[in-house]
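Novice: need the 3D shape of this:
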Amino acid sequence: ICILGRADVLMMQNWDHITTTMDCVNQQPQNNNETDFARVRNYLLAGQSSNWRQFILMSSISDAHILSTFKRYANSFEGRLRIRRKTLPSDATVCNV
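Specialist: As a prediction, the model looks like this:
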């Protein structure tokens, strides 16, 4: 499970750090460090870990960078799900200026 929480706060920083980190999540290790490969699942060794991982991205706003990151890295076999909170018309008011 990969959780990216408070993405709207992370947007205030350099978003390239997020994409660089997400690119590194699925990389194969360079050395084995005495790994017991009998305990490693075959799909991880085949480079299919992104298809089996759940990617949860939480944000209070909807932004193009956040949506494109979700579409790029949420590659689960089970598909994608986008949930947003519905705001009632009585709650959606403009502040008095």
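
Novice: show the pLDDT at Ser49.
Specialist: On pLDDT, Ser49 comes in at 82.

Novice: contact partners for the residue lying closest to it once chain neighbours are set aside?
Specialist: Spatial nearest neighbour of Ser49, excluding adjacent residues (CB to CB, 6 or more residues apart in numbering): Asn26 at 5.4 Å. (Each C-beta comes from the backbone N, C-alpha and C, glycine too.) By CB atoms under 8 Å, 6 or more residues apart in numbering, the contact list for Asn26 reads Gly47, Ser49, Ser50.

Novice: drop anything exposed from those residues.
Specialist: Ser49 (16 or more other CB atoms under 10 Å).

Novice: adding distance to Val94 and secondary structure, write the contacts of Asn26 out as a markdown table.
Specialist: Supplementary listing: these in a markdown table, determined by distance: CB to CB, whole Å; DSSP: H, G, I helix; E, B strand; the rest coil:
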| residue | distance to Val94 | secondary structure |
| --- | --- | --- |
| Gly47 | 50 | coil |
| Ser49 | 46 | helix |
| Ser50 | 42 | helix |
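
Novice: I'd like the contacts of Asn26 laid out as TSV, including distance to Asn14.
Specialist: Shown next, in TSV, are the contacts of Asn26 (distance: CB to CB, whole Å):
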residue	distance to Asn14
Gly47	28
Ser49	26
Ser50	23
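
Novice: just the pLDDT for Val97.
Specialist: 54.

Novice: buried sites along stretch 67-74?
Specialist: Result for stretch 67-74 [16+ other CB under 10 Å]: buried residues Thr69, Phe70, Tyr73, Ala74.

Novice: can I get those residues in CSV with secondary structure and pLDDT?
Specialist: Formatted as CSV, the buried residues of stretch 67-74 follow (DSSP: H, G, I helix; E, B strand; the rest coil; pLDDT from 0 to 100):
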residue, secondary structure, pLDDT
Thr69, helix, 92
Phe70, helix, 91
Tyr73, helix, 90
Ala74, coil, 89
